[in-house]
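1. No sequence on hand, only this structure:
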């Protein structure tokens, strides 16, 4: 018989092979920008300032510092190469599969049911979203800590067993008065639980999972003594008080972080509607577990839910609950698996509505383990009772697992890029405003403005109250030379969500284009007030202040923006040019200009005309005219070779000044 270690390694290896295609996928423009691609703090890698930010930020409407640190570590190692970020998600998922198998083996000593459960967990298509989506690092990371918590807990329980009987031996003489436990594994479990909560607070229900495992298979609810069976439930509850306290703290922090940005008000999503959607969603998750088709990255919350759907789902869930309760003595794993599934879904089922999704595949990542446990051990007992079922059960396994791999491989292709992801989402959920919005943004990034405009308009028809649609429409119309039309949409975006720094920044850009500088300044100031780590409004405020002749204050804002995004090429080049060539001698600084110009060269390479042009300006400001002449000559030659649209004539003018030992001067009021 294969050793458990061999099975766990094989599970991890095959899981990595199954998900290998994900390493060829890119980032997607759906949360990946918040978490990685447009997050300058994360992109700096692991720094002390980054650690402090991770521990205190409410960015992306979440408090999960361990997740932020993992993304920082990826940026430290892989920068913005998506393959590395995907690899870490895959490795964590493979580790989770192995950990789950080890946990089940230690709990039940059942080799093949445990292997089947772990394989189903690893290869089920519902879990693609959690693994293939870089932003869902929090799923695979928190589950890793959850499984480590349970493993440590199981070892702590094992050390508390009586060596002769296997029953609870009672509190150790050196145990804490409060938790009745002295095992180091207990404290290790508590540490892993804290790290899991700091990866994703969905783990708040894990103490209840521990109680379920106490019921089966640990069988800790009663202990057989010489006198009579003694109930241990009070002790089991007391020993978990620290876990419940951590869960309560995480729940409070999460609610405070999300209440302004993500948690929907009761007036918007009434409580009866939330219960109805929760019931339908639970049944929907079970349906997609059995038949994982029509999976999408986003399932929009419906306007109405048919009462027949709610009734049918409620009856199905009630019957399943009644069945597992009735069979709890003969098949305790059914009750444990069912309550594992329902209980761990509670934080994300929509009773506290976060966002406007009806359900999400990623929410099943940890809960489905319960369903897999119930089904696998039911099959094991059925085979034991009726041996003729062994061959059909093996055949079913040999069909189910390869089928899962095939569907998972197909699902991975939809995560290739944003366009593929949201095109597929619209194919399976047509009335999906958010997917139209995100598909429009993906098309706009590919320089397909007409196709993007059509998607934005479809999104607006489906959801006329989504401020992001108005914001994107406004920005798109501005790029198409329609600032007045853009102004209307951007104003509407701000009216719909006055707390959005992005909308205020976009409105400021339109007003700046229209020459309404005071109004633009007000919008940029509000964007900065709402998000102090938002670089764009600070940069634009600097440019605006230059137009108004407030050069010193402008440079302060430009520096502040660059501190937030030190590798933003546009900001680096612009500030370097201001410091090298501004007409105001009091703000010019040739040394800083040269430092920034050299940084631009490292970021974009030294074969870019604008980079060389900026470097020549800095050399000239420092009086190093020979280097300025040589560099400007290279810039002009490259610009001329690049064809129309490159300002090689102005570069020739600068070249003549440098030959006359004169630095370049210009006003940025009209820039």
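-> Structure's in. What do you need? Quantities reported herein were computed from a predicted structural model and do not represent experimental measurements.
2. Next, the residue lying closest to residue 404 once chain neighbours are set aside: phi, psi?
-> Closest residue in space to residue 404, ignoring its immediate chain neighbours: residue 123 at 4.4 Å, by C-beta to C-beta, 6 or more residues apart in numbering. All C-beta atoms are positioned from the backbone trio N, CA, C, and that covers glycine. Note on residue 123: its backbone torsions stand at phi -110, psi 0 [degrees, to the nearest 10].
3. How many residues are close by residue 123?
-> Residue 123 is flanked by 25 other residues according to other C-beta atoms under 10 Å.
4. Now for residue 347: which residues touch it?
-> 201, 202, 204, 205, 251 (C-beta atoms under 8 Å, 6 or more residues apart in numbering).
5. wait, isn't residue 153 in contact with residue 185?
-> Yes: look at residue 153 against residue 185 with C-beta atoms under 8 Å: they come within range, at 7.2 Å.
6. Can you get me a residue count around the closest residue to residue 416 other than its chain neighbours?
-> Spatially, and ignoring its direct neighbours in sequence, residue 416 is nearest to residue 25 (5.2 Å; C-beta to C-beta, 6+ apart). Residues near residue 25, counting by other C-beta under 10 Å, number 22.
7. Next, find the distance separating residue 25 from residue 34.
-> 18 Å (C-beta to C-beta, to the nearest Å).
8. What of residue 431?
-> Between residue 431 and residue 34 the computed distance is 25 Å (C-beta to C-beta).
9. Which one of these two is surrounded by more residues?
-> Neighbour totals were compared for residue 431 and residue 34, and residue 34 leads with 15 against 12 (other C-beta under 10 Å).
10. Next, give phi and psi for residue 300.
-> Per degrees, to the nearest 10, the backbone of residue 300 is at phi -70, psi 140.
11. Pretty sure residue 434 is one of the things it touches, is it not?
-> Yes: between residue 300 and residue 434 there is a contact under C-beta under 8 Å: 6.5 Å.
12. shared neighbours of the two, anything?
-> residue 356.
13. which of the residues in the one helix or strand residue 563 maps to are buried?
-> Assigned by DSSP states H and E, residue 563 belongs to helix 551-564. Going by neighbour count (16 or more other C-beta atoms under 10 Å), the buried part of helix 551-564 is 551, 554, 555, 556, 557, 558, 560, 561, 562, 564.
14. Whatever helix or strand comes next after that helix packs against which elements?
-> Using DSSP H and E, the helix or strand that follows helix 551-564 in sequence is helix 569-581. Here helix 569-581 touches helix 535-547, helix 551-564, helix 590-604, helix 609-621, going by 3 or more C-beta pairs under 8 Å, 6 or more residues apart in numbering; DSSP states H and E.
15. orientation of helix 569-581 relative to helix 590-604 in degrees?
-> Helix 569-581 runs at 150 degrees relative to helix 590-604, counting by axes from the mean of the first three to the mean of the last three C-alpha atoms, to 10 degrees.
16. what comes into contact with helix 569-581?
-> 535, 539, 543, 546, 554-555, 558-559, 561-562, 565-566, 587-590, 592-594, 596-597, 599-600, 603-604, 610-611, 614, 617-618, 620-621, 663-666, 668.
17. circling back to that earlier point, from the buried residues of helix 551-564, pick the one nearest residue 389.
-> residue 564 (63.1 Å; C-beta to C-beta).
18. Next, find the distance separating the closest residue to the closest one other than its chain neighbours from residue 576.
-> Spatial nearest neighbour of residue 564, excluding adjacent residues (C-beta to C-beta, 6+ apart): residue 535 at 4.0 Å. Applying C-beta to C-beta, the value for residue 535 to residue 576 is 16 Å.
19. same question, residue 628
-> Counting by C-beta to C-beta, the separation of residue 628 from residue 576 is 14 Å.
20. Next, show the common contact partners of those two.
-> What both residue 628 and residue 576 touch, as defined by C-beta under 8 Å, 6+ apart, is the set residue 617.
21. Tell me who's in contact with residue 616.
-> 627, 628, 629, 631, 632, 635, 654, 658.
22. for residue 13, that is, sorry about that
-> Taking C-beta under 8 Å, 6+ apart, one finds residue 94 in contact with residue 13.
23. what's the pLDDT at it?
-> Predicted confidence (pLDDT) for residue 13: 97.
24. All further residue positions should be reported with the first residue as 53.
-> OK, 53 is where the count begins now, so the last one is residue 65.
25. doesn't it fall inside a helix?
-> Yes: counting by DSSP: H, G, I helix; E, B strand; the rest coil, residue 65 is part of a helix.
26. quick one: residue 609 from residue 603, how far?
-> As judged by C-beta to C-beta, residue 609 and residue 603 stand 11 Å apart.
27. Kindly report the same for residue 632.
-> Relative to residue 603, and taking C-beta to C-beta, residue 632 is found at 14 Å.
28. One more: residue 505?
-> For residue 505, the distance to residue 603 equals 39 Å [C-beta to C-beta].
29. Read off the pLDDT value for residue 275.
-> 61.
30. what sits up against stretch 434-444?
-> By C-beta under 8 Å, 6+ apart, the surrounding residues in contact with stretch 434-444 are residue 445.
31. More neighbours: residue 352 and residue 486, which one.
-> A direct count of neighbours by other C-beta under 10 Å for residue 352 and residue 486 places residue 486 higher, at 24 against 18.
32. ok, now which ones touch the more buried one?
-> Residue 486 is in contact with 350, 352, 408, 511, 515, 518, counting by C-beta under 8 Å, 6+ apart.
33. Please indicate which of those are buried?
-> Counted by 16+ other C-beta under 10 Å, the contacts of residue 486 give 350, 352, 408, 511, 515, 518 as buried.
34. Between the residues you listed, which sits nearest residue 464?
-> Distances from residue 464 to the buried ones among the contacts of residue 486, taken by C-beta to C-beta, are shortest for residue 350, at 17.5 Å.
35. As TSV, the contacts of residue 399 with secondary structure would be great.
-> Formatted as TSV, the contacts of residue 399 follow (three-state DSSP):
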residue	secondary structure
253	helix
254	helix
256	helix
257	helix
303	helix
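36. got a winner among these for most neighbours?
-> residue 254 (27 neighbours).
37. Okay, the residue nearest to it when sequence neighbours are not counted and residue 289: tell me how far apart.
-> In space, residue 254 comes closest to residue 399 once its chain neighbours are excluded; the distance is 5.0 Å by C-beta to C-beta, 6+ apart. Residue 399 is 20 Å from residue 289, where distance means C-beta to C-beta.
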